[in-house]
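K.L.:
what's the 3D shape of this:
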Amino acid sequence: MEVFKLKEGEAYIELNNLLKRFNWVASGGEAKTVIKEGQVSVNGETETRVRKKMFAGDNVIFAEKEGKVE
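P.N.:
Next up, the predicted model:
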């Protein structure tokens, strides 16, 4: 499982940016596509909101890869 640590003072990261930070997608356009197509799961639920706010403790799954926000 990959972990993304929020910077001090940062409350959240948007889902599309998180996928890019994990290098799971090559571009913002690809992130938008895979999210809208329902290929991404957040906390066990399919997520189709591109700019979903991801907070500490949230988990994400895409293409058999798992990640967590801390």
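K.L.:
Break down this protein into its strands, ranges please.
P.N.:
With DSSP state E, the ranges of strands along the chain come out as 2-4, 13-14, 40-42, 45-46, 53-54, 59-62, 65-69.
K.L.:
Relative to Arg21, tell me which of those wins on proximity.
P.N.:
strand 2-4 (5.7 Å; C-beta to C-beta). For the C-beta atoms, the positions are set from N, CA and C on the backbone; glycine is no exception.
K.L.:
Can you list the buried residues in that closest one?
P.N.:
Buried positions in strand 2-4, judged by neighbour count with 16 or more other C-beta atoms under 10 Å: Phe4.
K.L.:
who does it touch, helix- and strand-wise?
P.N.:
Packing partners of strand 2-4 (3 or more C-beta pairs under 8 Å, 6 or more residues apart in numbering; DSSP states H and E): strand 65-69.
K.L.:
Was I right to think Val40 contacts Val34?
P.N.:
Yes. Assessed by C-beta atoms under 8 Å, Val40 is found in contact with Val34 at 6.0 Å.
K.L.:
Which one's more surrounded, those two?
P.N.:
Shown here are Val40 and Val34; by other C-beta atoms under 10 Å, Val40 has more neighbours (26 against 18).
K.L.:
Residues in a beta bridge with the more buried one, which ones?
P.N.:
Taking DSSP bridges, one obtains Phe62 as the residues bridged to Val40.
K.L.:
List the contacts of it.
P.N.:
15, 19, 34, 46-47, 60-62 (C-beta atoms under 8 Å, 6 or more residues apart in numbering).
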